[in-house]
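Student: here are the coordinates; sequence isn't available:
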């Protein structure tokens, strides 16, 4: 056996020398390699093991068949969304392609530890959103790197990282009960809910969005690593929508039921409307001035049932045409919902129990939706897809906006036949951060 291995090694060495000298260039690399020839080149595992995983690629590189990696892309101003500002990014920001959402539970009873964590997160996020590595211990061979490295060489990809605190943040652990807004509490139970505790609640949340999933994942991974000893992950969910490359025109994204999702959103470029709908002002505690409230609902879609429904039933369920996204009876996606329109028989053109009609109501109550689709594989119990929508909305008053709309939907929405809410959480998204400051400074300072 030893003699056989030595012969294989000698044959492999001979092959490499022939490649380096160019004497085999016309015989080996100009034709498809047979299995026998490849074994000879790699030494039938003997030389392959000696060379390691790069054995074959090293031989190919010697012949010029493997090209060096392209230089890392350089970040441009379009790739970077500023972290510092009066409001947190990731709220009015146009939705990026991917989402990594994480909910954390605090494991410390010390407010000083919480403050230190938010300060450390602030420093880290300033680096993450600018496309630089976290910390300065990334080249020392004797220390664990301060950045996990999987986004090294990648652009920031419009990464935004948005933070919030849950109602449980204001329990008796940190002496902050008096600072909890009077209406800030976990959402009430809605009709049809089937909530699983593993998808609910949290002391803190982090919403990482980017045009590259690895960039978004890198953010959550590093923030979780920094939190060790102070906070632990409670639940996470990745999400996606169509990419900019797939839809260069930037149309309204479609959900997994095939319909456009978010057509009725308020105008995020209208500062006055954003103050009315999203941003907290003098009516809120001072520490929330410039912040907003986030509602998060994990909605499992019954895709298999939906796929057996006729197009007319699907459109009646949403109250919109699938192809254009326009209200039934209209051609423009952004046409005003005419809930008074009736057909010749007097029947409403847009069903009163359609999703659009109930979500719209009389049009006076609005919220900003920023949702993502998810697919978490297969439900091993039912054999169906575990897929749906991670619904995220921002509003200045959870009760008057989100709760009032959701009560209408939970009671009568035709769409309830095709979905079930399995997760629920609310968070107070902190105001923006000034340079030199830190997240939650007005609350903890």
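Tutor: Thanks, I have the structure now. Note that the coordinates shown come from a computational prediction; the quantities given were computed from them, not determined experimentally. Numbering: from 1, shown residues only.
Student: which parts of the stretch 151-300 of the chain are helices?
Tutor: 213-226, 271-277 (DSSP state H, counting those that start in this stretch).
Student: mean neighbour count, those: which tops it?
Tutor: By mean neighbour count, with neighbours taken as mean count of other Cβ atoms under 10 Å, helix 213-226 ranks first of these at a mean of 21. No exception for glycine: its C-beta is placed from N, CA and C like everyone else's.
Student: and the contacts of it?
Tutor: For helix 213-226, the surrounding residues in contact (Cβ atoms under 8 Å, 6 or more residues apart in numbering) are 96-100, 102, 104, 117, 120-121, 124-125, 128, 134, 147-148, 150-151, 154-157, 159, 161, 206, 208-210, 233, 236, 238, 240.
Student: narrow those residues to those that are buried.
Tutor: Neighbour counting by 16 or more other Cβ atoms under 10 Å classes 96-100, 102, 104, 117, 120-121, 124-125, 128, 134, 147-148, 151, 154-157, 159, 161, 206, 208-210, 238, 240 among the contacts of helix 213-226 as buried.
Student: contact partners for residue 294?
Tutor: 162, 164, 205, 207, 392, 393, 394, 426, 427, 428, 429.
Student: nearest to residue 435 among those residues?
Tutor: residue 162 (17.9 Å; Cβ to Cβ).
Student: tell me the secondary structure at the closest residue to that closest one other than its chain neighbours.
Tutor: Computed as Cβ to Cβ, 6 or more residues apart in numbering, the closest residue to residue 162 that is not its neighbour in sequence is residue 90, at 3.6 Å. Assigned with DSSP: H, G, I helix; E, B strand; the rest coil, residue 90 falls in the coil class.
Student: contacts only, for residue 411.
Tutor: Residue 411 makes contact with residue 191 under the criterion Cβ under 8 Å, 6+ apart.
Student: does it sit in a helix, a strand or a coil?
Tutor: Three-state call for residue 411 (three-state DSSP): helix.
Student: same question for the one 4 residues further on.
Tutor: The three-state assignment at residue 415 reads helix, by three-state DSSP.
Student: now do residue 207 against residue 357, distance only.
Tutor: From residue 207 over to residue 357 the distance is 30 Å, taken as Cβ to Cβ, to the nearest Å.
Student: which one's more surrounded, these two?
Tutor: residue 207 (28 against 22; other Cβ atoms under 10 Å).
Student: I figured the more buried one hits residue 101, correct?
Tutor: Yes: assessed by Cβ atoms under 8 Å, residue 207 is found in contact with residue 101 at 5.4 Å.
Student: between the two, which contacts overlap?
Tutor: residue 392.
Student: which residues of the stretch 201-350 of the chain score low on pLDDT?
Tutor: Counting by pLDDT under 70, the stretch 201-350 of the chain shows no low-confidence range.
Student: excluding covalently adjacent residues, which one is nearest to residue 143?
Tutor: residue 137 (4.9 Å).
Student: and what of residue 443?
Tutor: Using Cβ to Cβ, 6+ apart, the closest residue to residue 443 is residue 287 (4.1 Å).
Student: also residue 208?
Tutor: The nearest residue in space to residue 208 (Cβ to Cβ, 6+ apart) is residue 219, at 4.0 Å.
Student: against residue 130, how distant is that neighbour?
Tutor: 12 Å.
Student: for residue 95, same thing?
Tutor: In terms of Cβ to Cβ, residue 95 sits 20 Å off from residue 130.
Student: likewise for residue 280?
Tutor: When residue 280 is compared with residue 130 (using Cβ to Cβ), they lie 27 Å apart.
Student: looking at these two, which is more packed in?
Tutor: Ranked by neighbour count (other Cβ under 10 Å), residue 280 and residue 130 place residue 280 first, with 23 against 15.
Student: tell me, how many residues neighbour the spatially closest residue to that one that is not a sequence neighbour?
Tutor: Closest residue to residue 280 apart from its sequence neighbours, by Cβ to Cβ, 6+ apart: residue 288 at 4.6 Å. Residues lying near residue 288 (other Cβ under 10 Å) number 23.
Student: got it, and residue 409?
Tutor: There are 18 residues near residue 409, going by other Cβ under 10 Å.
Student: residue contacts, it?
Tutor: Residue 409 neighbours (Cβ under 8 Å, 6+ apart): 355, 358, 359, 415, 416.
Student: run through who's touching the helix or strand encompassing the second one.
Tutor: Looking back up the chat, that one is residue 358. Assigned by DSSP states H and E, residue 358 belongs to helix 355-360. Taking contacts as Cβ under 8 Å, 6+ apart, the residues outside helix 355-360 that touch it are 264, 317-320, 327, 337, 339, 350-352, 405, 408-409, 412-415.
Student: give the buried subset of those as a ChimeraX selection command.
Tutor: Selection of buried members from the contacts of helix 355-360 for ChimeraX, criterion 16+ other Cβ under 10 Å:
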select :264,317,318,319,320,327,337,339,350,351,405,408,409,413,414,415
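Student: with adjacent residues omitted, what lies nearest to residue 87?
Tutor: Closest residue to residue 87 apart from its sequence neighbours, by Cβ to Cβ, 6+ apart: residue 432 at 4.6 Å.
Student: gap between the two ends of stretch 124-136?
Tutor: Stretch 124-136 has an end-to-end distance of 11 Å (Cα to Cα, to the nearest Å).
Student: residue contacts, the spatially most central residue of the chain?
Tutor: When Cα atoms, centre = their mean is applied to the chain, the residue found nearest the centroid is residue 99 (0.8 Å). Residue 99 sits next to 207, 208, 209, 216, 237, 238, 239, 240, 372, 390 when contact means Cβ under 8 Å, 6+ apart.
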